[in-house]
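Peer 1: below: sequence and its predicted model.
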Amino acid sequence: MKLCIKITFFIGVQKEFLRSYVLKQAEKLGVEGVAQRIEDNKVVIIACGKKGMVDDFVDIIHKVSAKYKIDNIELQPFMGKDYRGVFRVIE
């Protein structure tokens, strides 16, 4: 079953977090979607893929929340678009 979610959070440590960490984890798990920093410290991620892989992706973000000073993580269902099997970081 395919699952798409929208993950929103605020981050304190931003240096290369999206490219060096989020992108690598998404590719490793086969999650497609997009990640973008909206404001200075607000990040929005759309993650789509097999339910188990998306769940693992969310778990990974929770596990590193202290290291990267991530606060106020919100998860919402998202009506997925076709990301053509790719995870992109928009800067």
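Peer 2: Alright, I've got the coordinates. Every value quoted in this text rests on a predicted model; they were computed, and no experiment measured them. Numbering: from 1, shown residues only.

Peer 1: tell me where the chain has strands.
Peer 2: 2-11, 32-37, 42-50, 70-77, 87-90 (DSSP state E).

Peer 1: chain neighbours aside, what residue packs nearest to Lys50?
Peer 2: Distances taken as Cβ to Cβ, 6 or more residues apart in numbering place Lys2 nearest to Lys50, at 6.7 Å, with adjacent residues excluded. All C-beta atoms are positioned from the backbone trio N, CA, C, and that covers glycine.

Peer 1: got a list of what the one you found touches?
Peer 2: Cys48, Gly49, Lys50, Lys51, Gly80 (Cβ atoms under 8 Å, 6 or more residues apart in numbering).

Peer 1: want to throw the strands of the chain into TSV with distance to Leu23 and mean pLDDT?
Peer 2: Formatted as TSV, these follow (distance: least, Cβ to Cβ, whole Å; pLDDT from 0 to 100):
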stretch	distance to Leu23	mean pLDDT
strand 2-11	14	94
strand 32-37	7	95
strand 42-50	10	96
strand 70-77	16	96
strand 87-90	5	94
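
Peer 1: closest to Ser20 out of these?
Peer 2: strand 87-90 (9.9 Å; Cβ to Cβ).

Peer 1: got the buried residues for the closest one?
Peer 2: Phe87, Val89 (16 or more other Cβ atoms under 10 Å).

Peer 1: and the longest helix that the chain contains, what does it pack against?
Peer 2: Longest helix of the chain, by residue count under DSSP state H: helix 51-63. Counting contacts by 3 or more Cβ pairs under 8 Å, 6 or more residues apart in numbering; DSSP states H and E, helix 51-63 is packed against strand 2-11, helix 23-29, strand 42-50, strand 70-77.
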